[in-house]
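[1] Whatever this is, show me its structure:
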Amino acid sequence: MPFSNRGCQTNDRTPESERICQPWLENVQPVRVPAARGRLRGAARKPGRVQAPVRVEAVTTSYHLLAGPGVSRDSITDAGLSELYRHPDPGDRAWVRTNFVSTLDGAAQGPDGRSGSINTASDRKVFALQRAHADVILIGAGTARAEHYRAVDLEPWQRELRSRLGLAPYPTLAIISRSRDLPDDLARPAAGEQGGPVILIAPHATGEARPTPDHVELIELDDHDLVPCKELITALADRGLRRVLCEGGPHLSRQLHAAGLVDEICLTLSPLVIGGHASRTTAGALLEPEPYELAHCIAADDQALLLRYLRGHRAHS
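    Next comes the predicted model:
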């Protein structure tokens, strides 16, 4: 599946990894929109109700055209795409990346309650690529059950990439569960004969606990009720699992955001509208807004947008 780095102008002598990873938006001619001059925009009025007009701020904003007539469509090679999704060196701390797919109207699941029914071929490609770059895949128990997670098996190209990067042959699968209610065959991959290690992360049991599935390592944390996110991320980092890929669900995503642990958000915008009341990429109480900076935006030929955002202070570290 070819990917389009639209508007990208490069020097043929520049190494591909550098050429692709440069902030190519700088090379796109901005479209200037005249400043609004403090005019008032009248709000729609309803019978018997007087509404105040909305004041439009007088600002000038610069816009960049990523797709449209006359925009170049330089394809990104597999090697270039891999560089775009390569984790920064986390050092002695964990680097937490979340990965979700969303429809145009904000649904993170299809009508069947699973994300697989709303993704695209390009999303599946970068999903597999991010797994190839991760030390550990972190998920909540609800997502593990709904999406039928098992020990992570990989395609030959993913294992070859991991070998070149000096990573373990397979990423570890870490599942957070208070009830410990997980399938007995969790450590057996859904396809293939091999798979990575599986870790169950749970609060310390105060009474008789459900048995841990065979060939699954148990990490018990001190909290007796909730799983403290900072403690679990530290526990993973202490085991050398510092490149953390969180694949959901929305409640775990919110907890990681609330704890200030999400360094990076990868989001595929799928060209679908489904309506209904499907969950979003985060769920639960409102969070204090936190800014992220756009690292890249890739327009794929299947009409999906592949977005990568870095947390503000991480974008400049």
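[2] my read: Gly312 touches Ala295, true?
    No: taking Cβ atoms under 8 Å as the definition, Gly312 is not a contact partner of Ala295, at 11.8 Å. In short, each C-beta sits where N, CA and C put it, glycine included.
[3] Between those two, tell me which one has more neighbours.
    Ala295 (18 against 12; other Cβ atoms under 10 Å).
[4] Adjacent strands (with direction) for the strand or helix carrying that one?
    Using DSSP states H and E, the element containing Ala295 is strand 292-300. Note on strand 292-300: by DSSP bridges, its sheet partners are strand 3-6 (antiparallel), strand 305-311 (antiparallel).
[5] Surely Leu256 is in a strand?
    No: counting by DSSP: H, G, I helix; E, B strand; the rest coil, one finds Leu256 to be helix, located in no strand.
[6] ok, now how distant is Asp302 from Arg280?
    From Asp302 over to Arg280 the distance is 22 Å, taken as Cβ to Cβ, to the nearest Å.
[7] More neighbours: which of the two?
    Comparing Asp302 with Arg280 by other Cβ under 10 Å, the one with more neighbours is Asp302, at 17 against 14.
[8] residues touching the more buried one, list them.
    Counting by Cβ atoms under 8 Å, 6 or more residues apart in numbering, Asp302 touches 1, 120-122, 271.
[9] And for Tyr292?
    With Cβ under 8 Å, 6+ apart, Tyr292 has these contacts: 265, 309-312, 315.
[10] got those residues as TSV, with distance to Ser253 and pLDDT columns?
    Formatted as TSV, those follow (distance: Cβ to Cβ, whole Å; pLDDT from 0 to 100):
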residue	distance to Ser253	pLDDT
Ile265	9	98
Tyr309	13	96
Leu310	16	96
Arg311	14	93
Gly312	18	80
Ala315	20	60
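[11] for stretch 121-130, which positions count as buried?
    122-123, 125-127, 129-130 (16 or more other Cβ atoms under 10 Å).
[12] Run the chain-centre distance for it.
    11 Å (Cα atoms, centre = their mean, to the nearest Å).
[13] and which of the contacts of Asp302 is nearest Ala94?
    Of all the contacts of Asp302, Ser122 has the smallest distance to Ala94: 27.5 Å, by Cβ to Cβ.
[14] could you measure the closest one against Thr268, distance?
    If you go by Cβ to Cβ, the gap between Ser122 and Thr268 works out to 7 Å.
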